[in-house]
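> Got a sequence here, can you model it:
(one chain, ligands or ions: 1)
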Amino acid sequence: KANKLQYYNNPMWPGETHSLKVEKILYQGKSPYQEVLIFESLTYGKVLALDGIVQLTDKDECAYQEMITHLPLCSIPSPKKVLVIGGGDGGVLREIARHGSVESIDICEIDQLVIDVCKDFFPDLSVGFKDPRVRLHVGDAVEFLRNSPEGTYDAIIVDSSDPIGPAQELVEKPFFETIARALRPGGVLCNQAESMWLHTHLIQDMLSICCETFKGSVHYAWASVPTYPSGAIGFLLCAKEGPPVNFLAPINPIEKLEGAMTAGRDIRFYNTEMHRAAFVLPTFAKRELEAY
Ligand code: AAT
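Below you'll find the predicted structure:
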């Protein structure tokens, strides 16, 4: 009962909650950063929750991981150096591996426990860590970016949890400034950007910080993910000043990359049409987000 109350009162989505029937609890533990729970659900397969918030499920992880990865990587010609923030389950790494042009993939995840339990329970995601191009850094992304050399990355993907707990600083201006510093001119950022149904003010703040910080194009995109609050999640796409980037029309289409659609687990959600469609906003969201 106490848990139920806590979920209804989550300040990120006050007064609402979403339930999944638990068939079996597979793992429950606590790291220095968060509570980690894995369970088998009736209808979405295995589920990973951190502090009671669903991070991914077997059934719909394809939508989030494929979009957060291919929206940025298909928007620039032959990405080579990529950085992932968060993403300890390995799903985004699995998606990056489809891009043959990529030479190195750094990942900075704060929580070793997430990495370890996902290796045990989500082999279809943690397979991403097996790619020889991957270098794992366990630590806080804020610290990692402060120490990373300037102008290094072609793309940075911020696959982080909600800004309560260890990801709090990841929506603040100093963090975006270190990201912009770490990108090469014309390099791109794709940041998990919450829901247009729930988080207008947060998205507006992130948009205005990013327009100021990156100076190239900045756009909001979204996709349907049934197990995330409100059933939708957004992505903030930013290009650093330099060679111009047109996010709306992918220059590096996935369908043209040798074997990318079928390597490992087949692509289930992303394609060039979904890429273009992701930037089309409902009227209310256009009105609220356009000015930024
Ligand atoms: N791909 C699964 C989706 C996630 S996981 C987010 C990850 O970000 C978690 O493993 C968490 O430990 C990590 N993380 C949080 N804060 C930091 C930090 N400061 N530095 C590095 N890693 C961090 C996200 C789902 C989004 C759900 C939206 N409601």
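> Count the residues that sit near Lys59.
When neighbours are defined as other C-beta atoms under 10 Å, Lys59 has 16 of them. For the C-beta atoms, the positions are set from N, CA and C on the backbone; glycine is no exception.
> Regarding it, which helix or strand does it belong to?
Using DSSP states H and E, Lys59 sits within no helix or strand.
> Could you verify my assumption that it touches Val47?
No: judged on C-beta atoms under 8 Å, Lys59 makes no contact with Val47 at a distance of 9.2 Å.
> who touches both of those two?
Thr227 (C-beta atoms under 8 Å, 6 or more residues apart in numbering).
> helices or strands up against the strand or helix carrying His219?
For His219, the element it lies in under DSSP H and E is strand 215-224. Identification of packing neighbours for strand 215-224 by 3 or more C-beta pairs under 8 Å, 6 or more residues apart in numbering; DSSP states H and E yields helix 61-73, helix 200-214, strand 232-240.
> mind exporting the longest one as PDB, just the C-alpha atoms?
Below are the C-alpha coordinates for helix 200-214, written out as PDB (Å, rounded to 0.1, in the frame of the first residue of the first chain):
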ATOM      1  CA  THR A 200       5.900  20.900 -21.200                       C
ATOM      2  CA  HIS A 201       7.900  23.100 -18.800                       C
ATOM      3  CA  LEU A 202      10.800  20.800 -18.500                       C
ATOM      4  CA  ILE A 203      10.900  20.400 -22.300                       C
ATOM      5  CA  GLN A 204      10.700  24.200 -22.800                       C
ATOM      6  CA  ASP A 205      13.600  24.700 -20.400                       C
ATOM      7  CA  MET A 206      15.700  22.000 -22.200                       C
ATOM      8  CA  LEU A 207      14.900  23.500 -25.600                       C
ATOM      9  CA  SER A 208      15.900  27.000 -24.600                       C
ATOM     10  CA  ILE A 209      19.100  25.800 -22.900                       C
ATOM     11  CA  CYS A 210      20.000  23.700 -26.000                       C
ATOM     12  CA  CYS A 211      19.200  26.500 -28.500                       C
ATOM     13  CA  GLU A 212      21.600  28.800 -26.600                       C
ATOM     14  CA  THR A 213      24.300  26.100 -26.100                       C
ATOM     15  CA  PHE A 214      24.500  24.200 -29.400                       C
END
